[in-house]
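> what shape does this take:
(2 chains)
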Amino acid sequence: MLRIRAFEEAALEGLEQKLVLGAIHPSIGQEAVAVGVCANLEPSDILLSTHRGHGHTIAKGADTVAMMRELFGREGGTCHGKGGSMHIADFKVGMLGANGVVGANILIAVGAAHAVRLKKGRQVVTCIFGDGAINRGPFLEGLNWAGVWQLPILFVCEDNGFAATTRTRAMTAGEGPAARAESLGIPAATVDGNDLLAVDETVCRLLAEIRTGGGPRFLLCKTYRLTGHTGADAAGYRSKEEVEIAWKGDPVARLRDVLATAGVKPAEIAEAERAARTEIDAVFDAAKASPLPPLTRAFADVQDVGDPQREAF
Amino acid sequence: MARLSYAEASRQAIAEEMRRDATVWAVGEDLGRGGVFGQYKGLVEEFGPERIADAPISEACIMGAAVGAAMTGTRPIVELRFSDFALCAVDELVNQAAKARYMFGGQGRVPLVVREPIGMWRSSAAQHSQSLEGWYTHIPGLVVIAPSTPADNKGLLKAAIRCDDPVVYLEHKNLWPLEGEVPDGEHVVEIGKARVARAGKDLTIVSWSAAVHTCLAAAEALAEQRIEAEVIDLRSLWPWDKAAVLASVERTGRLLVAHEAVRVGGFGAEVAATVAERAHGQLKCAVRRLGAPRAPIGYAPNLEDQVRVTPAQIVAAARGMLGP
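Okay, the predicted model is just below:
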């Protein structure tokens, strides 16, 4: 969680310095979801994420230097500088991509789970999406599909209260994400998404049910986006008081309290924080020192047949 | 060699590829009953309901799930029933399938085939008759194929299934019963190679899909008037065989492109523009395009006929190009 927080802060600093080139969607305040979910995944398990996907990607084990290079549009980025923040992916660790289209990852995740079934594999696919995604058609189509085929998939709705910059509850009919999942016969659980231990414990239980052939499960994590929608969004649509209150529920601070109560010495916590900052400072510098991708990248990896390097002009 | 219909030829291609490669599977609505046009008949009996998979009426999920399944080691054949319905899955095809390999920096590939039956067919009106092949040629990352004969529907479908890129595979609904000689076994047609459907020296007519047969009928009529038209069947639109078209135009000096799709912004414009740019010096007259008027397709037969490109129109255009 500390590494994710430090990474997001560094990314915002990168935006300030014009090193981050396009939009970024920070996950500050939502770190407990990423960590609580991914801590329970095996390296071979598959994860699909959203446009707000830095935290999920780090928690799944991606290399933070390659990630920061990607945000800076540099060679050596996870996608060679071709995707940026919204398409961050690290297939080596089973992270099959953030996605620029809300809800699109649900269908891809369902297909990955379908392939697990076809190949009689043992992996579980986890798909994290935001509360805004539940009002798109792919939510219904994907959950229905997972239910019909009883696929090994965990749907995680990371409910930060906002669909882009509009309050989701004002745009959502009915009882919301968990009730919609249950209406399709997918057992759903709801947790405080800022409580790392609660997320961890619930995900552990749900994954065990999935791994023993129980079919899809749904987890609603209630959290809050402490920054703007994007790095450039001042979030003037909510009051200062609301944000101040929300900071009191900061999952990193809450974890610090939990650890202190459990007897972890303040010095050890401070050391962990220092280590995260040191790592990410080095990541920032390494990314900044990396070159832009060579121009040949512009036309590589488009397609084999009708390759633009031979056909496009 | 066997005499097969266009539908049977595609079925044979799928059966052979599924026997050859255990990662190939098909998914779509009503496949267990043989598909809406019978093009999957008998396959579920051989391969079972896991590999010939019925799907809910969820076009976006059929397509999106295929993207995920293709990225993780299988080779889905996606049946979207009508190209018109495939529009419900455009995000999944255009934003996801076509771009995943590029935007993730080559970490993954999306080897899938999307079958989208196209074209006018028995008073099917505006939402079951369209030819939208031109749209897909505009999307980097996609391969676009539109076969016109049973032999090609076997050979090109086999090539499409083996291709590591996402392939939009457009079969024409009017061609399902068309019979022709189809080579047995390993018959794979190279994607991007045109076929000379009829040789001729006076004029080059370029077409694809069912319109090739309209052009051949026109060429027959032209021959009676001592005009020898060369008919080139492009077979695939991306990549398309520029070399074959340019070589033909170099000999004939005249180019007419005819297709069933709406003429405005149709792929014929790309062919015509390419020839105009590259073979200007060899042209004896202006290039011509025939396609549908920019109007939806009507239900009543006489209304439907208003948007059809006919042999008579092709003959008239060709005669106009050859002068008095």
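> quick one: name the residues of the stretch 151-300 of chain A near chain B.
Residues of the stretch 151-300 of chain A that fall close to chain B, judged by CB under 8 Å from any CB of the partner chain: A:Arg297, A:Ala300. Quick note: C-beta positions are derived from backbone N, CA and C, even for glycine.
> residue of the stretch 151-300 of chain A closest to chain B, please.
Closest residue of the stretch 151-300 of chain A to chain B, CB to the nearest CB: A:Ala300 (6.8 Å).
> what's near enough to touch the closest residue to A:Gly97 other than its chain neighbours?
The shortest distance from A:Gly97 to any non-neighbouring residue, by CB to CB, 6 or more residues apart in numbering or on different chains, is to A:Ala89 (3.9 Å). A:Ala89 makes contacts with A:Thr57, A:Thr78, A:Cys79, A:Gly83, A:Met95, A:Leu96, A:Gly97, A:Ala98, B:Phe104, B:Gly105, B:Gln107, B:Gly108, as judged by CB atoms under 8 Å, 6 or more residues apart in numbering or on different chains.
> any idea how far A:Ala89 lies from A:Gly22?
Distance, A:Ala89 to A:Gly22, using CB to CB, to the nearest Å: 15 Å.
> A:Ile28 now?
Taken as CB to CB, the span from A:Ile28 to A:Gly22 is 18 Å.
> so which of the two has more stuff around it?
Neighbour count, other CB atoms under 10 Å in any protein chain shown: between A:Ile28 and A:Gly22, A:Ile28 has more, with 22 against 14.
> so the more buried one is in contact with A:Ala11, correct?
No: taking CB atoms under 8 Å as the definition, A:Ile28 is not a contact partner of A:Ala11, at 9.8 Å.
> out of the contacts of A:Ala89, which is most surrounded?
Within the contacts of A:Ala89, most neighbours by other CB under 10 Å means A:Gly97, with 32 neighbours.
> and it, which of the three is it?
Classification of A:Gly97 using DSSP: H, G, I helix; E, B strand; the rest coil returns coil.
> show me what contacts it?
Counted by CB under 8 Å, 6+ apart, A:Gly97 has contacts A:Leu48, A:Ser49, A:His87, A:Ile88, A:Ala89, A:Asn105, A:Ile108, B:Ala100, B:Phe104.
> let's see that with 7 Å instead.
Contact analysis of A:Gly97 by CB atoms under 7 Å, 6 or more residues apart in numbering or on different chains lists A:Leu48, A:Ser49, A:His87, A:Ala89, B:Phe104.
> excluding covalently adjacent residues, which one is nearest to the residue of the stretch 201-324 of chain B at minimum distance from chain A?
In the stretch 201-324 of chain B, the residue found nearest to chain A is B:Pro239; the distance is 3.5 Å by CB to the nearest CB. Nearest non-adjacent residue to B:Pro239, counting by CB to CB, 6+ apart: A:Gly306, 3.5 Å away.
> correct me, but the one you found touches B:Leu142?
No: look at A:Gly306 against B:Leu142 with CB atoms under 7 Å: they stay out of range, at 8.4 Å.
> overlap in contacts, those two.
B:Trp238.
> in the helix ranked longest in chain A, what's buried?
Longest helix of chain A, by residue count under DSSP state H: helix A:266-288. By neighbour count on 16 or more other CB atoms under 10 Å in any protein chain shown, the buried set for helix A:266-288 is A:Ala272, A:Ala276, A:Arg277, A:Glu279, A:Ile280, A:Val283, A:Phe284, A:Ala286, A:Ala287.
> got the contact list for the first one?
With contacts defined as CB under 7 Å, 6+ apart, the neighbours of A:Ala272 are A:Leu2.
> now with 10 Å, please.
By CB atoms under 10 Å, 6 or more residues apart in numbering or on different chains, the contact list for A:Ala272 reads A:Met1, A:Leu2, A:Arg3, A:Arg256, A:Leu259, A:Val264.
> how about the nearest residue to residue 107, chain neighbours excluded?
Unless you meant another one, I'm taking chain A. Per CB to CB, 6+ apart, closest to A:Leu107 is B:Gly64, 2.5 Å.
> sorry, I should have been clearer: chain B.
Nearest residue to B:Gln107 in three dimensions, chain neighbours excluded: A:Phe91, at 4.1 Å (CB to CB, 6+ apart).
> do A:Asp250 as well
Among residues not flanking A:Asp250 along the chain, A:Gly29 sits closest, at 6.4 Å (CB to CB, 6+ apart).
> just the pLDDT at that neighbour, thanks.
Listed pLDDT for A:Gly29 reads 98.
> same deal with A:Pro308?
A:Pro308 carries a pLDDT value of 82.
> and A:Gly306 and B:Leu142? which has more neighbours close in?
Neighbour count, other CB under 10 Å: between A:Gly306 and B:Leu142, B:Leu142 has more, with 26 against 23.
> for residue 48, what are its contacts?
Since you didn't name a chain, this refers to chain A. Contacts of A:Leu48 by CB under 10 Å, 6+ apart are A:56, A:89, A:94-99, A:104-113, A:125-129, A:153, B:68, B:71.
> correction: the question concerned chain B.
The neighbours of B:Gly48, taking CB under 10 Å, 6+ apart as the test, are B:Trp25, B:Gly32.
> chain B: helices as residue ranges?
Going by DSSP H, chain B shows helices at B:6-20, B:43-51, B:59-71, B:90, B:100-103, B:133-137, B:150-162, B:211-224, B:242-252, B:267-278, B:301-305, B:311-322.
> most packed of those helices?
For the helices of chain B, ranked by mean neighbour count under the definition mean count of other CB atoms under 10 Å in any protein chain shown, the leader is helix B:59-71 at a mean of 30.
> out of the contacts of A:Ala272, which are buried?
For the contacts of A:Ala272, a burial check counting by 16+ other CB under 10 Å picks out A:Met1, A:Leu2, A:Arg3, A:Arg256, A:Leu259.
> tell me if I'm right that the first one and A:Asp200 touch.
In this case it means A:Met1. No: using CB atoms under 10 Å, A:Met1 makes no contact with A:Asp200, being 11.3 Å away.
> what is in contact with those two at once?
A:Ala32, A:Val35, A:Gly36.
> what does the pLDDT read for the nearest residue to A:Gly121 once chain neighbours are set aside?
Of all residues not flanking A:Gly121 in the chain, A:Ala115 sits nearest, at 7.7 Å (CB to CB, 6+ apart). The model reports A:Ala115 with a pLDDT of 98.
> also A:Ala312?
64.
> ok, A:Gly81 next?
In this model, A:Gly81 carries a pLDDT of 97.
> nearest residue to B:Met18 other than its sequence neighbours?
B:Met18's closest residue in space is B:Val24 (CB to CB, 6+ apart), at 4.9 Å.
> how far away is that neighbour from A:Gly147?
If you go by CB to CB, the gap between B:Val24 and A:Gly147 works out to 26 Å.
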